[in-house]
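Asks: Got a predicted structure plus its sequence, pasted below:
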Amino acid sequence: MECIGDIKKGFVGSAWFMGWVVSLFIVPRMADASGRKLPYLFGMFMTLGVYAGVLFCHNVNLMIAL
């Protein structure tokens, strides 16, 4: 990883927080419509995929996008 500025460091944490905020508006409605199992499994597989992508990425902009 290259040296980055404070603004991009802040974007990494802010993007993670915004992902949780957005999912709090979507996932409960999905769970009401289809039951708890499908949104739970979808969330677990998405989390696994994103964390695997963050683990292997070498670019801060890609990490923010993930």
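Replies: Thanks, I have the structure now.
Asks: which residues of this protein score low on pLDDT?
Replies: 1-2 (pLDDT under 70).
Asks: That one: helices as residue ranges?
Replies: According to DSSP state H, the chain carries its helices in the segments 6-34, 37-56, 60-65.
Asks: orientation of the second one relative to helix 6-34 in degrees?
Replies: This means helix 37-56. 160 degrees (axes from the mean of the first three to the mean of the last three Cα atoms, to 10 degrees).
Asks: Enumerate the positions of helix 37-56 that are buried.
Replies: residue 39 (16 or more other Cβ atoms under 10 Å). No exception for glycine: its C-beta is placed from N, CA and C like everyone else's.
Asks: on contacts alone, who are the packing partners of it?
Replies: helix 6-34 (3 or more Cβ pairs under 8 Å, 6 or more residues apart in numbering; DSSP states H and E).
Asks: The helix it packs on - contacts with which helices or strands?
Replies: helix 37-56, helix 60-65.
Asks: between the ones you listed, which gets nearest to residue 30?
Replies: helix 37-56 (4.5 Å; Cβ to Cβ).
Asks: Just checking the distance from that closest one to the centre of its chain.
Replies: Centroid separation for helix 37-56 versus its chain: 8 Å, with Cα atoms, centre = their mean, to the nearest Å.
Asks: now the helices and strands packed on helix 6-34 in a markdown table, with distance to residue 13?
Replies: Output for those, formatted as a markdown table (distance: least, Cβ to Cβ, whole Å):
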| stretch | distance to residue 13 |
| --- | --- |
| helix 37-56 | 13 |
| helix 60-65 | 10 |
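Asks: For stretch 11-29, give me every contacting residue.
Replies: If you take Cβ atoms under 8 Å, 6 or more residues apart in numbering as the criterion, stretch 11-29 is touched by 39, 43, 60, 63-65.
Asks: Now distance to residue 8 too, for those, in TSV please.
Replies: Putting the contacts of stretch 11-29 into TSV (distance: Cβ to Cβ, whole Å) gives the following:
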residue	distance to residue 8
39	31
43	27
60	5
63	9
64	7
65	12
